[in-house]
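Chemist: Got a predicted structure here, sequence first:
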Amino acid sequence: MKKTLFPSVIALTMSIASNASASSFEITDFRFSLQDPAFGDWQTPTGGQPINPTQYGTLVEGVYQGSNSTNELVNFTFFGIETHVYTSSMNQGSLNTPAGSILGGPAPTIDLNLLTADMSSWMVEWAGTEFNQGNNTNFGACSVNPNFSLLSSIATVTDNNNGTYAVNWNSCIEGGAFNGRIGHWQLDVVSAVPVPAAVWLFGSGLLGLIGVAKRKKA
């Protein structure tokens with residue numbers, strides 16, 4: 001019985017680690033600005049001001065989250081109209097946009113080692129219309145925009161050196177009142193404590209307690 005205790009602890013630790021490998025990132029701040037194709041400058045209709053933190057969600061890697069009406073990842077006001085953000089492989093459908101008519105991308109990932117991210121599944125619902133606002137270069141509406149080169153297939157991550165990271169990317173707006181314009185998105189996120197490290201610490205702690213118990217019996 002005692003001989004099987006050590007491998008049992010190792011197996012339990014590895015099982016917990018494998019089931020908790022996905023990282024989560026709490027969104028603590030958010031900014032959005034709009035690029036004017038005629039002048040190349042960036043407008044900030046949202047005022048560039050932080051949005052009420054209670055309207056932020058927690059982004060979990062590899063998981064599509066939120067909806068176009070409730071439980072959204074980010075909720076903000078754009079030109080006085082409530083705006084909903086979620087992630088999906090395709091749009092969920094709205095007043096002006098049939099469900100499945102806009103493709104998204106893979107569920108979000110943020111690599112703090114390479115300082116890159118994939119936010120290509122970032123979907124936005126505004127004024128009854130949905131848009132893919134993720135990092136992507138496959139948009140014809142912005143091909144005539146003089147700043148088309150700003151679009152990229154990856155998002156960049158910057159260490160703010162205060163425990164948070166800034167995830168930045170540019171997106172093309174297809175359809176609606178701002179068709180052909182480029183939007184700039186920034187999320188400030190806080191990474192959860194790395195789960196694998198915490199799990200191994202937990203496992204080593206168990207083994208230490210087992211060793212102490214054995215010495216006491218001896």
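Modeler: Nice, I can see it.
Chemist: so where's the protein uncertain?
Modeler: Within the chain, the stretches with pLDDT under 70 are 1-22, 36-55, 193-218.
Chemist: do that again at 90, thanks
Modeler: 1-22, 28-57, 69-72, 74-83, 136-140, 143-150, 176-178, 181, 191-218 (pLDDT under 90).
Chemist: what about the helices in it?
Modeler: Shown for the chain, the helices assigned by DSSP state H span residues 5-19, 195-217.
Chemist: In the chain, which strand is the longest?
Modeler: Ranked by number of residues, the top strand in the chain under DSSP state E is strand 24-35.
Chemist: tell me which residues in that strand are buried?
Modeler: Buried residues in strand 24-35, counted by 16 or more other CB atoms under 10 Å: 24, 25, 27, 29, 30, 31, 32, 33, 34, 35. Where C-beta positions appear, they are placed from N, C-alpha and C, glycine not excepted.
Chemist: next one: stretch 112-132
Modeler: 116-126, 129-132.
Chemist: Also stretch 160-168?
Modeler: Using 16+ other CB under 10 Å as the test for burial, stretch 160-168 gives 164, 165, 167, 168.
Chemist: would you list those residues in a markdown table and tack on distance to residue 60?
Modeler: Converted to a markdown table, the buried residues of stretch 160-168 look like this (distance: CB to CB, whole Å):
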| residue | distance to residue 60 |
| --- | --- |
| 164 | 17 |
| 165 | 15 |
| 167 | 14 |
| 168 | 20 |
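Chemist: Mark which of those are part of strands, please.
Modeler: 165, 167, 168.
Chemist: If the nearest residue to the second one once chain neighbours are set aside is in a bridge, with which residues?
Modeler: Okay, so that is residue 167. Using CB to CB, 6 or more residues apart in numbering and skipping residues adjacent in sequence, the residue nearest residue 167 is residue 187, 4.5 Å away. Taking DSSP bridges as the rule, residue 187 bridges to residue 30, residue 167.
Chemist: Tell me how many other residues crowd residue 148.
Modeler: Other residues near residue 148 come to 16 when the count uses other CB atoms under 10 Å.
Chemist: ditto for residue 86
Modeler: 25.
Chemist: which residue packs closest to residue 157, ignoring adjacent ones?
Modeler: In this structure, residue 157 finds its nearest non-sequential neighbour in residue 115, 4.3 Å apart by CB to CB, 6+ apart.
Chemist: wait, residue 87
Modeler: Once flanking residues are discounted, residue 87 sits nearest to residue 121: 4.2 Å by CB to CB, 6+ apart.
Chemist: Could you measure from the one you found over to residue 65?
Modeler: From residue 121 across to residue 65, the span is 9 Å (CB to CB, to the nearest Å).
Chemist: Between the two, which contacts overlap?
Modeler: residue 87 (CB atoms under 8 Å, 6 or more residues apart in numbering).
Chemist: Quick check, residue 104 in contact with residue 87.
Modeler: Yes. Residue 104 is within contact range of residue 87, at 7.0 Å (criterion: CB atoms under 8 Å).
Chemist: Counting neighbours, go ahead and name the busier of these two.
Modeler: When residue 104 and residue 87 are compared for neighbours, residue 87 comes out ahead with 24 against 20, by other CB under 10 Å.
Chemist: Okay, and the beta partners of that one?
Modeler: Residue 87 has these beta-bridge partners by DSSP bridges: residue 122.
Chemist: Next up, the contacts around it.
Modeler: Neighbour list for residue 87: 59, 64, 65, 66, 73, 104, 107, 108, 119, 121, 122, 123 [criterion: CB under 8 Å, 6+ apart].
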